[in-house]
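Student: A predicted structure for the sequence below; I have some questions about it.
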Amino acid sequence: MIKAMQQTQNLKLNLIETSVPLSPAPLNENADTLDAALAALDETAADLTQRMIALENCRMVAGWYQGNGDNNGITIDLGERPAAVLVFYTSIGSGYNTMVVGDCICTDKASEAMRLTDNGFFVNYCMNSYQPCGYCYIALLGDLDRKDFPDPPPKT
């Protein structure tokens, strides 16, 4: 009667017993098992590397600016074009919240209130009124995949 070989707990490698004559078959099985496990680790490492690169390319910047009420608007310099910006201002009895993504332009009635620029974002009108507390913003920088955002409506 042939006795079944004992195996390691995790990879199920064959354990060679000292009383059994040495055979290359269990050693070759162990080599194949190790090779398959290492190949799977390589695939996992490559996937994790791609995810890490994507996360490193996406950064968030938070800040604030003081509106000046000037009809020419102001540009907030972030050093690079953001993928999206959320600006908000809240006070007793009033508040403004605006988000711009990609090439979308936020309008206040018939005028441009906010848009992204090559180095940051431009604000005007309701997003540039003089407010004693200023406006807060959160900007997403980097190469973001915009697949979840709809394309802007066509300009008329």
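Tutor: Alright, I've got the coordinates. Numbering: from 1, shown residues only.

Student: contacts, neighbours, all on C-alpha from now
Tutor: Fine.

Student: I figured Leu78 hits Gly120, correct?
Tutor: Yes - counting by C-alpha atoms under 8 Å, Leu78 touches Gly120, with 4.6 Å between them.

Student: of those two, who's got more company?
Tutor: A count of neighbours by other C-alpha atoms under 10 Å puts Gly120 above the other of Leu78 and Gly120, at 20 against 16.

Student: neighbouring contacts of the helix or strand where Thr90 lies?
Tutor: Under the criterion of DSSP states H and E, Thr90 resides in strand 82-91. Residues outside strand 82-91 that contact it (C-alpha atoms under 8 Å, 6 or more residues apart in numbering) are 95-102, 116-121, 127, 134-144.

Student: Only the buried subset of those, as a PyMOL command please.
Tutor: A single PyMOL command selects the buried members of the contacts of strand 82-91 (16 or more other C-alpha atoms under 10 Å):
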select buried, resi 98+99+100+101+102+116+117+120+121+127+134+135+136+137+138+139+140+141+142+144
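
Student: Show only the entries of the contacts of strand 82-91 found in strands.
Tutor: The strands, defined by DSSP state E, take in 95-101, 116-117, 120-121, 135-141 from the contacts of strand 82-91.

Student: Strands along the protein, start to end?
Tutor: Under DSSP E, the chain gives strands at 6-7, 14-15, 59-65, 74-77, 82-91, 94-101, 106-108, 111-117, 120-123, 135-141.

Student: okay if I get those as CSV plus distance to Thr49 and mean pLDDT?
Tutor: Shown next, in CSV, are these (distance: least, C-alpha to C-alpha, whole Å; pLDDT from 0 to 100):
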stretch, distance to Thr49, mean pLDDT
strand 6-7, 33, 83
strand 14-15, 33, 80
strand 59-65, 17, 91
strand 74-77, 31, 94
strand 82-91, 22, 87
strand 94-101, 27, 80
strand 106-108, 36, 76
strand 111-117, 30, 87
strand 120-123, 29, 94
strand 135-141, 20, 93
